[in-house]
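Novice: Have a look at this prediction, sequence included:
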Amino acid sequence: MPQIQCLPSHVADLIAAGEVVERPASVAKELLENAIDAGASAIVVELERGGLTYLRITDNGCGIAPTELPTAFLRHATSKLRTAGDLAAIGTLGFRGEALAAISAVSRVDIFSRQKGAESGAVLHLEGGVPGEVTEAGCPEGTTICVRDLFYNTPARMKFMKKDSAEGAAVSGIVQHLALSHPDISFKLIRDGAEVLHTPGDGKLLSAIYAAMGRDFAMGLQEIRGCGGEVEVSGFVTKPLNGHGTRGRQVFFVNGRFVKSQLLQAALEEAYRNQLLKGKFPGCVVHVTLPPDMVDVNVHPAKTVVKFVSDKAVFDALYYTVRDALDAENKPAVPAPKQESFYQSMTVQQYKEKTAAAEMKKPLGSYTQRPAAPVPKASLMGEVRDVVQPRPAPPVVPVAEKKPAPPVKKEEPVQQAEMVLPSSLVEEAVQQTIEKKEAPWRMVGEVLRTYIICEDERENLWLIDKHAAHERIRFNKLKADDHPLMSQLLLTPLAVTLAAEEYAAVLEHLDTLQRFGFACEDFGDGTVLVREIPADIRTGDAASTLEELAQKLLLGRIDPEGMRDELYHTMACKSAIKAGMVSDAAELAALVERVQSGEIKYCPHGRPVAVQMTKYEIEKMFKRA
Ligand code: ADP
Ligand code: MG
């Protein structure tokens with residue numbers, strides 16, 4: 001055995017750096033949290049090349065004394081924790097005292113800092129964690145840290161970096177989340193010279209949402225506020241009519257920390273049960289506050305998971321708060337923020353519209369889209385539908401009183417759907433007519449523009465869900481073919497604005513998307529420009545399809561195999577005929593044929609495509625048997 005030795009400190013720092021500094025976004029997060037801890041009211045983040053070559057964060061916080069500058073970069077140097085007892089009552093965001101040490105170990109750092117009220121400030125340069133001399137410098141009150149050439153001395157780590165645009169998007173995501181959890185601080189983000197986000201820091205959450213997530217999203221929100229026991233809930237949620245195509249706009253904070261939580265997601269969505277159109281999801285920016293001992297913060301600081309001591313208390317608090325808000329009828333809408341000059345100077349969308357060439361179509365964020373044609377009420381099929389509800393049963397929540405159906409769902413007239421015949425089906429139908437062999441079944445018709453009724457030779461009655469059946473056929477074909485999908489060139493490219501994570505995923509997987517018929521390019525600041533879309537998808541569905549694919553690409557990080565199937569699911573679903581659409585008889589016959597042949601039984605999500613009733617069962621219902 002070799003002798004046991006302490007690691008030289010720079011080696012230890014590199015190891016620690018590996019934990020803290022994964023990518024530019026993690027550097028940004030640590031530095032921003034330091035600035036927040038320092039009491040800053042305004043923070044500017046500037047980055048170039050996704051933050052890999054240049055990331056600078058300027059705050060107007062308390063500053064650091066010149067003599068303490070080198071100390072701040074020592075491992076376990078912190079001004080925020082003195083005893084182990086302090087750990088329990090952690091109020092500040094950072095508490096390990098190793099972020100600066102770790103960051104400086106893998107980059108070139110310049111720090112300028114001047115304490116509040118001090119005559120002058122000081123500057124320090126560090127190279128791979130090795131500090132130079134502290135020299136006096138004239139600088140504004142507060143701290144500026146500039147991190148250059150991240151991972152220049154750890155090429156192995158560098159290899160893991162994604163495209164600049166994806167890293168930059170991840171930094172934007174961090175800034176966005178911090179801006180939403182600190183409406184009292186003004187955040188400004190400048191990416192490759194262009195301002196992409198600027199919150200006013202006026203203390204109002206809605207202002208921060210408006211600035212960080214866009215005008216359209218902010219306009220479709222309603223406020224929530226409530227509590228259950230010691231759990232407080234506040235924030236904004238989507239009005240039922242403004243559902244989104246994915247969950248990408250659900251943002252949760254627990255005690256000020258951005259978290260991902262299936263529990264919170266389930267509580268939110270459960271509150272919208274029967275209020276949203278099928279396939280739509282609520283968006284939200286929700287803050288959950290609870291006593292520190294009711295939540296486990298002792299998880300990896302870079303991770304976003306959270307554990308509650310009582311899941312039920314948290315679920316109930318959020319569920320009832322949201323439901324009460326949605327139920328409160330005739331509640332006046334949340335007034336939109338006033339159009340002050342601040343907003344005019346800042347929405348990314350407006351900036352884009354101005355700069356994009358004149359022929360460019362107005363950016364079509366998914367949330368500006370017309371809602372999909374509502375599915376006709378299928379009371380006849382209620383049972384079948386319920387049994388096959390795709391999502392997992394939510395925790396049992398007592399429902400206080402039975403409420404009349406909310407006004408939004410009231411028997412909206414079925415929209416006259418565009419007649420789009422999926423070409424594959426038509427071909428098949430034509431083929432069948434040519435062959436003209438006697439089918440062993442008889443089509444009776446279609447009801448509710450969704451279900452095909454037919455009878456077979458053995459006197460069974462069939463109900464076939466035309467969308468589910470077609471979706472399965474499309475899915476099987478896509479999987480079997482396994483070659484790139486045909487695309488159609490759009491006359492006017494479509495600008496699709498995505499949530500930060502989805503945006504990063506799209507940029508990371510441009511090749512995959514091309515295989516699925518989407519030709520996209522980076523348009524900056526969360527927007528991608530779509531030039532081609534899959535041939536059998538309607539233009540109106542393109543944005544929501546891309547959004548959904550992006551969500552599934554995110555999944556791919558965990559399960560690349562599963563991701564492929566998921567992508568096929570989306571394409572199959574979007575290109576299949578929809579419930580509520582007008583279908584012609586040939587189309588329906590082609591579907592019945594495939595179902596009757598026994599070839600397809602379940603849709604790709606596992607729902608049955610058909611239900612059967614025997615003659616005996618029917619007779620029993622009429623007390624004939
Ligand atoms: P931690 O935040 O866990 O204490 P860091 O390595 O991130 O550890 O920072 C070390 C110390 O440097 C902090 O405790 C704080 O005193 C000081 N510091 C870091 N950034 C700033 C800043 N932007 N403004 C004022 N002080 C700062
Ligand atoms: Mg810190």
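Specialist: Great, that's in hand. Ligands and ions are numbered 1, 2, ... in the order given.
Novice: Which residues of the stretch 101-250 of the chain lie near ligand 1?
Specialist: Ala101, Thr143 (Cβ under 6 Å from any ligand atom). Backbone N, C-alpha and C define where each C-beta goes, glycine included.
Novice: helix or strand for the closest residue to ligand 1 within the stretch 101-250 of the chain, which one?
Specialist: Nearest to ligand 1 in the stretch 101-250 of the chain, going by Cβ to the nearest ligand atom, is Thr143, at a distance of 3.8 Å. Per DSSP states H and E, Thr143 falls inside strand 142-148.
Novice: Can I get whatever helix or strand comes next after that strand in CSV? Just the C-alpha atoms.
Specialist: Going down the chain from strand 142-148, the next helix or strand is helix 155-158, by DSSP H and E. Output of helix 155-158 as CSV, limited to C-alpha atoms (Å, rounded to 0.1, in the frame of the first residue of the first chain):
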residue,chain,number,x,y,z
PRO,A,155,-10.3,19.2,-20.6
ALA,A,156,-12.2,16.1,-19.6
ARG,A,157,-14.9,18.2,-18.1
MET,A,158,-14.9,20.4,-21.2
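Novice: Got the confidence number for the residue of the stretch 401-550 of the chain found nearest ligand 2?
Specialist: The stretch 401-550 of the chain approaches ligand 2 most closely through Ala500 (22.3 Å), counting by Cβ to the ion. pLDDT, Ala500: 85.
Novice: now do the one 5 residues further on
Specialist: At Ala505, the pLDDT value in this model is 90.
Novice: you'd agree it is up against Leu546?
Specialist: No: judged on Cβ atoms under 8 Å, Ala505 makes no contact with Leu546 at a distance of 10.7 Å.
Novice: where does the stretch 451-600 of the chain have low pLDDT?
Specialist: Residues of the stretch 451-600 of the chain that meet the criterion pLDDT under 70 lie in 557-558, 560.
Novice: For ligand 1, what is the nearest residue in it?
Specialist: Closest point on the stretch 451-600 of the chain to ligand 1, by Cβ to the nearest ligand atom, is Ala500, at 23.5 Å.
Novice: Just give the nearest non-adjacent residue to that residue, would you?
Specialist: Gly173 (3.4 Å; Cβ to Cβ, 6 or more residues apart in numbering).
Novice: So what's the residue count around that neighbour?
Specialist: A count of neighbours around Gly173, defined by other Cβ atoms under 10 Å, yields 21.
Novice: Any figure for the gap between Lys280 and ligand 1?
Specialist: 41 Å (Cβ to the nearest ligand atom, to the nearest Å).
Novice: ok, that residue to Val288 distance?
Specialist: For Lys280, the distance to Val288 (Cβ to Cβ, to the nearest Å) stands at 23 Å.
Novice: And these two? Which one has more around it.
Specialist: Legend: neighbour count by other Cβ under 10 Å for Lys280 and Val288, higher for Val288 (27 against 20).
Novice: Contact partners for that one?
Specialist: Listed by Cβ atoms under 8 Å, 6 or more residues apart in numbering, the contact set of Val288 reads Val231, Glu232, Val233, Phe252, Phe253, Val254, Asn255, Leu264, Val314, Ala317, Leu318.
Novice: Please, where are all the strands along the stretch 401-550 of the chain?
Specialist: Under the criterion DSSP state E, counting those that start in this stretch, the stretch 401-550 of the chain contains strands at 441-447, 451-456, 461-465, 487-497, 519-522, 527-534.
Novice: can I get these in TSV with mean neighbour count?
Specialist: Listed next are the strands of the stretch 401-550 of the chain as TSV, based on neighbours: other Cβ atoms under 10 Å:
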stretch	mean neighbour count
strand 441-447	15
strand 451-456	19
strand 461-465	22
strand 487-497	18
strand 519-522	18
strand 527-534	21
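Novice: can you list the residues of the protein near ligand 1?
Specialist: Within the chain, the positions lying close to ligand 1 (Cβ under 6 Å from any ligand atom) are 30, 34-35, 38, 59, 61-64, 72, 77-80, 94-101, 143.
Novice: So which of the residues you listed are in helices?
Specialist: The helices, defined by DSSP state H, take in Glu30, Asn34, Ala35, Ala72, Ala99, Leu100, Ala101 from these.
Novice: picking up where we left off before, any of the contacts of Val288 buried? List them.
Specialist: For the contacts of Val288, a burial check counting by 16 or more other Cβ atoms under 10 Å picks out Val231, Val233, Phe252, Phe253, Val254, Asn255, Leu264, Val314, Ala317, Leu318.
Novice: excluding its backbone neighbours, what's nearest Thr614?
Specialist: With sequence-adjacent residues excluded and distances taken as Cβ to Cβ, 6+ apart, Thr614 is closest to Asn460, at 5.5 Å.
Novice: residues contacting that neighbour?
Specialist: By Cβ under 8 Å, 6+ apart, the residues touching Asn460 are Gln612, Met613, Thr614, Lys615.
Novice: For ligand 1, state which of those is nearest.
Specialist: Among the contacts of Asn460, and counting by Cβ to the nearest ligand atom, the member closest to ligand 1 is Gln612, at 64.4 Å.
Novice: Is that closest one in a helix, a strand, or coil?
Specialist: Under the three-state scheme (DSSP: H, G, I helix; E, B strand; the rest coil), Gln612 adopts strand.
Novice: was I right about it contacting Leu461?
Specialist: Yes: the pair Gln612 / Leu461 is scored as a contact, 6.9 Å apart, by Cβ under 8 Å.
Novice: before we move on, the earlier item: tell me which of the contacts of Val288 is nearest to ligand 2?
Specialist: Asn255 (17.2 Å).
Novice: any idea how far the closest one is from Ser181?
Specialist: The gap separating Asn255 from Ser181 is 10 Å, by Cβ to Cβ.
Novice: Check Leu189 too.
Specialist: 15 Å.
Novice: next one: Asp482
Specialist: 44 Å.
Novice: More neighbours: which of these two?
Specialist: Neighbours were tallied for Asp482 and for Ser181 using other Cβ under 10 Å; the higher tally belongs to Ser181 (21 against 9).
Novice: Phi, psi for the more buried one please.
Specialist: Main-chain dihedrals, Ser181, degrees, to the nearest 10: phi -90, psi -10.
Novice: Okay, and which of the contacts of Val288 map to helices?
Specialist: Among the contacts of Val288, the residues falling in helices (DSSP H) are Leu264, Val314, Ala317, Leu318.
Novice: What is the burial count for the closest residue to the second one other than its chain neighbours?
Specialist: It refers to Val314. Counting by Cβ to Cβ, 6+ apart, Phe308 is the residue found nearest to Val314 once chain neighbours are left out, at 4.8 Å. Using other Cβ under 10 Å, Phe308 has 19 neighbouring residues.
Novice: Please consider this matter closed, and thank you.
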